[in-house]
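Asker: Sequence and computational prediction follow.
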Amino acid sequence: MYDRAMKSTEEAGMREKRREALAEAKGRTIDIGAGTGLNLDLFPAEVSELVLAEPDPHMLRQLRAKVPESGRKASVVQAPAEKLPFDDDSFDTAVFTLVLCTVPDPAAALAEAARVLKPGGRLLFVEHVRSEDPGLARWQDRLEGPWRFFADGCYCNRDTVASIEASQFEIERVEKGELPKAPPLVKPLVRGSAVLLAR
């Protein structure tokens with residue numbers, strides 16, 4: 001159901017937001033929480049190797065079916081964001097798109113992304129976040145539980161930028177916007193990049 005649920009949002013501008021964010025990817029790249037593969041054909045030619053990591057078996061089945069259809073060479077691995085089966089310092093770019101809202105432990109997911117990235121590697125992200133408007137933020141807090149049940153584990157009130165700032169990454173750029181054709185609870189959106197500080 002994910003692709004059908006996201007169709008109008010993607011067509012109303014989310015796909016272009018993904019494309020713009022992923023344009024900065026290069027070298028060996030990992031898409032963490034790749035889902036059903038909505039990013040698959042948006043990576044630029046500068047990506048020399050693409051690895052797609054996804055823990056959910058239902059999304060994984062669709063993802064594996066899409067890779068040959070896309071004509072893009074990519075490897076698919078079943079793995080959660082908090083435990084990636086890769087060596088330290090093995091990627092140039094890591095990507096999160098609409099993932100940090102759902103992972104059980106965002107701090108652990110960011111630490112794992114930092115572990116597999118080379119020093120100076122880049123994290124690219126597009127995430128819906130906690131609203132800066134106090135009124136909407138209160139509603140996000142009140143409705144977080146029901147929304148999480150409805151949206152398969154998605155937290156509508158996570159301050160993802162603060163989580164990235166508290167990690168081993170240094171934020172280079174954050175652009176604020178809105179998730180197109182989305183309920184107000186998940187409309188606030190950020191897109192940006194961060195660099196892994198030297199360990």
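Answerer: Received the coordinates, thanks.
Asker: residues making contact with the longest helix along the chain?
Answerer: Secondary structure assigned by DSSP state H gives helix 57-70 as the longest helix of the chain. The contact list for helix 57-70, computed with C-beta atoms under 8 Å, 6 or more residues apart in numbering, reads 2-3, 34-37, 40-41, 52, 54, 74, 76, 78. Glycine gets a C-beta too; all of them are placed from N, C-alpha and C.
Asker: can you check stretch 116-126 too?
Answerer: 17-18, 21-22, 24-25, 30, 84, 86-98, 100, 110, 113, 160, 164, 169, 172, 189-199.
Asker: Out of these, list just those in helices.
Answerer: Checking the contacts of stretch 116-126 against DSSP H, those in helices are 17-18, 21-22, 110, 113, 160, 164.
Asker: want to try CSV for those, with pLDDT and distance to residue 151 as columns?
Answerer: Below are these laid out as CSV (pLDDT from 0 to 100; distance: C-beta to C-beta, whole Å):
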residue, pLDDT, distance to residue 151
17, 92, 19
18, 91, 19
21, 94, 22
22, 96, 23
110, 98, 21
113, 98, 23
160, 97, 16
164, 97, 22
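Asker: gap between the residue sitting furthest away from the middle of the chain and residue 141?
Answerer: For the chain, the largest distance from the centre (C-alpha atoms, centre = their mean) belongs to residue 135, which lies 26.1 Å off. For residue 135, the distance to residue 141 equals 11 Å [C-beta to C-beta, to the nearest Å].
Asker: residues contacting the closest residue to residue 99 other than its chain neighbours?
Answerer: Nearest residue to residue 99, sequence neighbours excluded (C-beta to C-beta, 6 or more residues apart in numbering): residue 33, at 3.4 Å. Residue 33 sits next to 53-55, 81, 96-99, 102-103 when contact means C-beta under 8 Å, 6+ apart.
Asker: Just the closest of these to residue 46, please.
Answerer: Closest approach between these and residue 46, by C-beta to C-beta: residue 97, at 17.7 Å.
Asker: What about the closest residue to that closest one other than its chain neighbours, how many residues nearby?
Answerer: Counting by C-beta to C-beta, 6+ apart, residue 97 lies nearest to residue 126, which is 4.6 Å off, once chain neighbours are set aside. By other C-beta atoms under 10 Å, the residues close to residue 126 number 24.
Asker: quick one: strands adjacent to the helix or strand that contains residue 126?
Answerer: For residue 126, the enclosing helix or strand under DSSP states H and E is strand 117-128. Here strand 117-128 is paired, per DSSP bridges, with strand 91-97 (parallel), strand 188-196 (antiparallel).
Asker: So what's the gap between the helix or strand just after it and the chain middle?
Answerer: Tracing the chain C-terminally past strand 117-128 and defining elements by DSSP H and E, one meets helix 134-142 next. Taking C-alpha atoms, centre = their mean, to the nearest Å, the mean C-alpha location of helix 134-142 is offset from the chain mean by 23 Å.
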